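Novice: Below are the sequence and a predicted model for it; my questions follow.
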2 protein chains.
Amino acid sequence: MKHITIKDVAKKLNISISTVSRAFNNKYDIKSKTKDLILKTATEMGYFPNPIAKKLSQQKTFNIGVVVPEFITEFYAEIIVAIQEVLIKRGFQILVMQSDNQPETELNNVKTLIYGMADGIIIAPTLDGDNIEFYLKQIKAGHPIVFVNRVRESLNANKVIFDNKKWSFFATEHLIRQKYKKIYHLAAYKNLTVGTDRIDGFKKAMKKHKFPEENYQVIETGLLAKEGMDVVEDLIYRHDLPDAFFCANDLVAMGVIKTLKENGYNVPNDIGVMGFTDTQMSELISPQLCTVKQPTFEMGKLAAELLLKQLDNHNIEPETKILNGKLIIRESSKRPNNN
Amino acid sequence: MKHITIKDVAKKLNISISTVSRAFNNKYDIKSKTKDLILKTATEMGYFPNPIAKKLSQQKTFNIGVVVPEFITEFYAEIIVAIQEVLIKRGFQILVMQSDNQPETELNNVKTLIYGMADGIIIAPTLDGDNIEFYLKQIKAGHPIVFVNRVRESLNANKVIFDNKKWSFFATEHLIRQKYKKIYHLAAYKNLTVGTDRIDGFKKAMKKHKFPEENYQVIETGLLAKEGMDVVEDLIYRHDLPDAFFCANDLVAMGVIKTLKENGYNVPNDIGVMGFTDTQMSELISPQLCTVKQPTFEMGKLAAELLLKQLDNHNIEPETKILNGKLIIRESSKRPNNN
DNA sequence: CTGAAAGCGCTAACAA
DNA sequence: TTGTTAGCGCTTTCAG
């Protein structure tokens, strides 16, 4: 329980604590011989500078906090990996906290990090709800913050987001080009901006290509494989299957494919399926999943870089990075005779 | 940049800082009227107690650190979720740090957490290597630490591990019972205890059932789908395919299945495949993957509970929880005519 | 019920 | 090149 402190080291060597401090921060003049001696004995004694005390006096940790809704899916895990890659090179350590998709938990996490142990923080919000105002106040007070993913484009802050509307539009158009005639969009929960944006993109494509109202539909489904399976089962039961599904994410798409296959439908010959995000698994299943690649690594990297800029200069103008994706054409949406 | 401190609040109300402190910790006698007033104005001013300072004087945060090799695969992500579930109920916040499979990074992470911002720490080590000694020293010094997963059974510390040897043995026996006659084990990297333990279990089963040496083999493969694919391609090229694969994890197994299918082999009729871990995806692919379920949630939960015990009483005897898994029998290892 | 003051471990002027 | 000392923001005894 007892930490060895700078004092213990100083006493042992009969020198002052400031000399020990200098040895560990090697930026003040100090005889290299004493420095070596100090470092050596300190290590022997098992001394390690207490970061808490350091922070309190220096007003600087070299920690960056990252708050995400969850990291059980690859999406945020990959973003975090990218953030870490950039910031570790610059001498920072990364502390990650999960909000569990709970805005209150998110707020607490951010508070702990920002008031306590982090010089800056990257937030992937759960919702673009009430917390945002608090965050903006913190930014104004000088705390570097960068937002990622689930934020409104209009938010005046450093942020990196994905152009969900556009790529949902493109994904839908891909299905249309494959001559699928009746397309259902299995959407994410409607309280997510990313969800509504994808719905918008889907509808836009439908309108552009003049699909009659009865030939397309948006079904609020969710983000889990199970939820996709349930919806498909229900549609089968009601004899209301479309000839293509555009799913909110890959996991839902995989659930859809599985249920379709189990019920004797061939994907993509009978029914096409399109995912969103491009997870690792999407090319390991059969048929391989056609999807939209979201540049998770790029998102993380850019967020980290925006944060570094803020750390260097607190008064820069907020920047927004809107990222593009890529259609990953694979079997699951390939109609055999699309003539 | 300027935080509002306890001093500012005290000055504003013309009271002492200790009174303000009391108001926020409501454990000392304080007139409820003054308390309310303080809390109210403090909130208005945007005051939030600085956790760093709190920790320095109290020697207690309510943070628990969790250090894992990575959380891009479900395995550790699920463990973390379980830990969080237990500890949040007890008023702790969880700080997660990734070691990136690098022992040095791991050591730094642990140091930051333990000396700095965490009352206790759960470590899922990258290797059971040199760092362990340092950790044991910390435990002796009174820092609560619990180990998870990649640790030797002989380590005298609080830990929760999985009985890899046993379940690797059972997995192998399952393949044997299915009458597969030539079985290759695609092993994890050999410097991982979990890897060598699974190899041991595999060999033990082979010996028990008197498989001739030429009918089984251990191939160091890794933990990625790509690595599984490469090995299978190589075996196909060398005309050295077995009639069953027992893979180090599900991801490798999925890579194996994919490559086999692409090369015209039927799984499980021509070749059986068995995974390890039971990821979400394993039942979404076809054929569904037969695997061993590792109780990730249970592991996290128990680790958290062991930590809580240590937090309450620093001098308890170290406990070891060795967990069992479960065979999840699915298509990929079902031989049609196993008579 | 409230205030004064010491101290948590460290940094960073300022002296020497 | 080294030592002395005043904080960093908070808790917690000890007086009052």
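Specialist: Okay, I see it. Residues are numbered from 1 along each chain as shown, chains lettered A, B, ... in the order given.
Novice: can you give me the strands for chain A?
Specialist: Using DSSP state E, the strands of chain A run over residues A:63-68, A:93-98, A:120-123, A:145-148, A:159-162, A:183-187, A:216-220, A:244-247, A:272-274, A:291-293, A:320-323, A:326-328.
Novice: The residue nearest to the spatial centre of chain A: what's it in contact with?
Specialist: Centroid-nearest residue in chain A: residue A:76, 3.6 Å away (criterion: CA atoms, centre = their mean). For residue A:76, the contacting residues are A:68-70, A:124, by CB atoms under 8 Å, 6 or more residues apart in numbering or on different chains. In short, each C-beta sits where N, CA and C put it, glycine included.
Novice: could you redo the last one with a cut-off of 10 Å?
Specialist: By CB atoms under 10 Å, 6 or more residues apart in numbering or on different chains, the contact set of residue A:76 is A:66, A:68-70, A:96, A:98, A:124, A:148-149, A:296, A:299-300, B:71-72, B:77.
Novice: now do residue A:195
Specialist: Residue A:195 neighbours (CB under 10 Å, 6+ apart): A:150, A:164, A:168, A:187-189, A:218, A:220-223, A:248-249.
Novice: Can you give me the distance of the closest residue to residue A:163 other than its chain neighbours to chain B?
Specialist: Nearest residue to residue A:163 in three dimensions, chain neighbours excluded: residue A:322, at 5.3 Å (CB to CB, 6 or more residues apart in numbering or on different chains). The gap separating residue A:322 from chain B is 25 Å, by CB to the nearest CB, to the nearest Å.
Novice: Would you mind naming the residues that bridge with residue A:322?
Specialist: residue A:161 (DSSP bridges).
Novice: That one contacts residue A:152, doesn't it?
Specialist: No: judged on CB atoms under 10 Å, residue A:322 makes no contact with residue A:152 at a distance of 12.0 Å.
Novice: shared neighbours, these two?
Specialist: Common neighbours of residue A:322 and residue A:152 (CB under 10 Å, 6+ apart) are A:159, A:161.
Novice: Among the strands of chain A, which comes closest to DNA strand C?
Specialist: Of all the strands of chain A, strand A:63-68 sits nearest to DNA strand C, with 14.7 Å by CB to the nearest atom of the strand.
Novice: Can you give the strand pairings for that closest one, parallel or anti for each?
Specialist: By DSSP bridges, strand A:63-68 pairs with strand A:93-98 (parallel), strand A:120-123 (parallel).
Novice: Give me the average confidence score over the first one.
Specialist: Mean per-residue pLDDT for strand A:93-98: 93.
Novice: cool, and stretch A:121-135?
Specialist: 92.
Novice: now stretch A:320-330
Specialist: In the prediction, stretch A:320-330 has an average pLDDT of 98.
Novice: Could you pull out the buried residues of that stretch?
Specialist: Going by neighbour count (16 or more other CB atoms under 10 Å in any protein chain shown), the buried part of stretch A:320-330 is A:320-321, A:323, A:325, A:327-328, A:330.
Novice: what does stretch A:5-21 give?
Specialist: A:5-6, A:8-10, A:12-13, A:19-21.
Novice: And the spatially closest residue to residue A:21 that is not a sequence neighbour, what's its pLDDT?
Specialist: Leaving aside its chain neighbours, residue A:21 sits nearest to residue A:6 (6.2 Å; criterion: CB to CB, 6+ apart). Predicted confidence (pLDDT) for residue A:6: 91.
Novice: Helices along the stretch 1-150 of chain A, start to end?
Specialist: For the stretch 1-150 of chain A, the helices defined by DSSP state H, counting those that start in this stretch cover A:6-13, A:17-25, A:32-45, A:51-58, A:74-89, A:103-112, A:131-140.
Novice: Generate JSON lines for those, with distance to DNA strand D as supplementary columns.
Specialist: Shown next, in JSON lines, are the helices of the stretch 1-150 of chain A (distance: least, CB to the nearest atom of the strand, whole Å):
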{"stretch": "helix A:6-13", "distance to DNA strand D": "7"}
{"stretch": "helix A:17-25", "distance to DNA strand D": "3"}
{"stretch": "helix A:32-45", "distance to DNA strand D": "4"}
{"stretch": "helix A:51-58", "distance to DNA strand D": "3"}
{"stretch": "helix A:74-89", "distance to DNA strand D": "25"}
{"stretch": "helix A:103-112", "distance to DNA strand D": "12"}
{"stretch": "helix A:131-140", "distance to DNA strand D": "15"}
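Novice: Turn those helices into TSV, including distance to residue B:175.
Specialist: Compiled in TSV, those are given as follows (distance: least, CB to CB, whole Å):
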stretch	distance to residue B:175
helix A:6-13	59
helix A:17-25	57
helix A:32-45	51
helix A:51-58	50
helix A:74-89	30
helix A:103-112	44
helix A:131-140	52
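Novice: and residue B:42, which of these is closest to it?
Specialist: Residue B:42 sits nearest to helix A:103-112 of all the helices of the stretch 1-150 of chain A, at 14.1 Å, using CB to CB.
Novice: I'd like the average pLDDT over the closest one.
Specialist: 91.
Novice: okay, and the helix or strand of chain A with the least pLDDT?
Specialist: One helix or strand of chain A scores below all others by mean pLDDT, DSSP states H and E: helix A:51-58, with a mean of 83.
Novice: can you count the residues close to the residue lying closest to residue A:209 once chain neighbours are set aside?
Specialist: Once flanking residues are discounted, residue A:209 sits nearest to residue A:176: 5.2 Å by CB to CB, 6+ apart. Residue A:176: 17 surrounding residues under other CB atoms under 10 Å in any protein chain shown.
Novice: and residue A:176, how far is that from DNA strand D?
Specialist: For residue A:176, the distance to DNA strand D (CB to the nearest atom of the strand, to the nearest Å) stands at 58 Å.
Novice: now do residue A:159
Specialist: On the measure of CB to the nearest atom of the strand, residue A:159 and DNA strand D end up 29 Å apart.
Novice: Return the residues in contact with that residue.
Specialist: Residue A:159 sits in contact with A:122-123, A:125, A:145-149, A:151-153, A:302-303, A:306, A:318-322, where contact means CB under 10 Å, 6+ apart.
Novice: Make a ChimeraX selection of the buried ones in those residues.
Specialist: Command for ChimeraX that selects the buried part of the contacts of residue A:159, burial taken from 16+ other CB under 10 Å:
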select /A:122,123,125,145,146,147,148,149,151,302,303,306,320,321
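Novice: one step back: going by distance to residue B:61, which of the contacts of residue A:76 wins?
Specialist: Closest to residue B:61, out of all of the contacts of residue A:76 and judged by CB to CB, is residue A:96, at 16.3 Å.
Novice: show me what contacts the closest one?
Specialist: Contacts of residue A:96 (CB under 10 Å, 6+ apart): A:64-68, A:71, A:76-77, A:80, A:83-84, A:109, A:113, A:122, B:66, B:68, B:71, B:80, B:94-98.
Novice: How about it, nearest residue that isn't a chain neighbour?
Specialist: residue B:96 (4.2 Å).
Novice: Please apply the same query to residue A:289.
Specialist: Residue A:289 sits nearest to residue A:282 (CB to CB, 6+ apart), 3.9 Å away.
Novice: swap in residue A:201?
Specialist: Per CB to CB, 6+ apart, closest to residue A:201 is residue A:168, 3.0 Å.
Novice: Please name the residues that touch that neighbour.
Specialist: A:185, A:187, A:194-195, A:197-205, A:246, A:248, A:274, A:276, A:292, A:325.
Novice: Against chain B, how distant is it?
Specialist: Following CB to the nearest CB, the distance that separates residue A:168 from chain B is 23 Å.
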